[in-house]
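Trainee: Fold the following, please.
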Amino acid sequence: MMGFFGVLLVPVLCFAQETSTLPGRPVDGDLYEEVLCSGRSPCFLGEARAAGTSTGREPLVVAEVVLAPEPPDTGGSPWRSPFSARELGIEGRCVPYEYWLVTLNGEGSLVRHQPLARFCNDGYGASGMGENMLEVGDNRIYLSRMGGSAWRWDTGMLAQLSPFRRLTERHGGYHSLGSNSIDEEWDWVAFRGTGRWESPRCLEGTEYPPSEGAEMRRYRYTLIPQVSIPNLPAEEPWASTSLGDCSLMVDAAGSSGYVIHGQPSGPIDARFRVLVVGERTIVVEVWDDWWVHQAESWLYSDHLELWVSPHAPADYYATSPCLTESHEAVQWAIMLQEGQVIPAHGDPAVSLTVRRYDLGEGYIRVAIELPEGMGQGITLVYSDSDDGTTQERLIATSDLVYPDAYSLGKTFLVTPQMAVCQVVEGELRVSMTPVPLDRPFHED
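Mentor: Here you go, the predicted structure:
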């Protein structure tokens, strides 16, 4: 990664590079090769790295298997390079190779093995400079990939090896001849993520950035989880289902989300949770210690604001090497006393369907149906007024700059292959989908 995000993100771990399974005990390469290459030819063992111990204190090894004739000299691991097939004497543009998790017993004998990842580096894009990197730590694996053309991309994932569990992932990109960059990170343990991107302004009247001294535009957002709920009640589900840990929390302290107007306060002043279900349903759960529903202007009543744009941040980032003119988002206000919808900035021609539920004890929940084809860029704002004459504080899912569409956030799609949300005793809870042990979690 380039730009203000710094270099490619690598978890702060001490990764092991040893090729021994246990202290003082060498890898039995012939045994690994016999087991992992069984029935497959050509096939040879590339390397094996110690990976600490499982949660059950079993020794772990990450072994690399290459599905090609073994070269006379394996120095430099040529099979990982783009366009290496000809060099190793096989057909095609690249050489398939795999990583396997091997579990040992206390004597160093192989107990079980399972596939982790399968690669075939064909350059991963027009630049032909694709790369895979694997780092191994104590019961941890960090996998990163990069590729692309002039627009480069990179991804990374940190996982616990045994039992296998995804921990974090990231997605980023940058322009190789410019200073555009984007970076998104998702924490599967905390079930939340953030994003940020930057791009220079174009020279006036052109679509090109200045050669130096460019004015940079920088944006930040928290990712709104977009989830599946297989056991959601069919009738009035949001009357009785709280959002729980399947949702993004935004609070008045700014510890989660952004305080975009006024001063940060304590998290007990006001907060909201939000998630997206399916393609178009946004559910928001607001708590406030002091509700204000009556004021001379809707601006000074407690209300939600929904800002949308047809484009997500990544669309703007990758449109050109610089930003030309500004794009304005459209806005609706949702009054929390009765669920009334007020078309606001940009005079949106379509209305919203809103269901409101007064839950008592300071909680109000609303379910919002987005119009078809809207909302790739999306930000939710809660406007808190304690006196009915001022907007004391605005808290939001992105660092919104009114009414700049570039400053909107987006959702993070949680596919059922990764996790679902289950209703448990009236509350949504994250349920991670088990990773099948008989196939790799990643395959090119």
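Trainee: Return the set of residues that bridge with the most centrally placed residue in the chain.
Mentor: With distances taken as CA atoms, centre = their mean, residue 186 lies nearest the centre of the chain, 3.7 Å away. Going by DSSP bridges, residue 186 is paired in beta bridges with residue 169, residue 193.
Trainee: Ramachandran angles for residue 86?
Mentor: The phi/psi pair for residue 86 (degrees, to the nearest 10) reads phi -60, psi -40.
Trainee: coming back round to it: just checking, the residue nearest to the centre of the chain touches residue 169?
Mentor: Yes: if you go by CB atoms under 8 Å, residue 186 and residue 169 touch, sitting 5.3 Å apart. Placement of C-beta: from N, CA and C, glycine included.
Trainee: tell me the mean pLDDT over stretch 175-182?
Mentor: Mean pLDDT, stretch 175-182: 83.
Trainee: Using neighbour counts, pick out the buried residues of that stretch.
Mentor: Under the neighbour-count criterion of 16 or more other CB atoms under 10 Å, stretch 175-182 has 175, 178, 179, 180, 181, 182 buried.
Trainee: Longest helix in this protein, please.
Mentor: Counting by DSSP state H, the longest helix found in the chain is helix 29-36.
Trainee: Could the C-alpha coordinates of the helix or strand just after it be exported in PDB?
Mentor: Counting by DSSP states H and E, the element after helix 29-36 in chain order, helix or strand, is strand 44-53. Extracted in PDB, the C-alpha atoms of strand 44-53 (Å, rounded to 0.1, in the frame of the first residue of the first chain):
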ATOM      1  CA  PHE A  44       7.000 -32.600  -4.000                       C
ATOM      2  CA  LEU A  45       7.400 -30.900  -0.600                       C
ATOM      3  CA  GLY A  46       8.400 -27.300  -0.900                       C
ATOM      4  CA  GLU A  47       9.000 -26.400   2.800                       C
ATOM      5  CA  ALA A  48       7.500 -27.000   6.200                       C
ATOM      6  CA  ARG A  49       7.300 -24.400   8.900                       C
ATOM      7  CA  ALA A  50       6.700 -24.800  12.600                       C
ATOM      8  CA  ALA A  51       3.400 -23.200  13.700                       C
ATOM      9  CA  GLY A  52       3.400 -23.500  17.500                       C
ATOM     10  CA  THR A  53       0.700 -25.600  19.100                       C
END
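Trainee: Tell me the strands beside strand 44-53, with direction?
Mentor: Looking at strand 44-53 with DSSP bridges, its partner strands are strand 59-66 (antiparallel).
Trainee: where do the helices sit along the stretch 201-350 of the chain?
Mentor: Listed in chain order, the helices of the stretch 201-350 of the chain (DSSP state H, counting those that start in this stretch) span residues 313-317.
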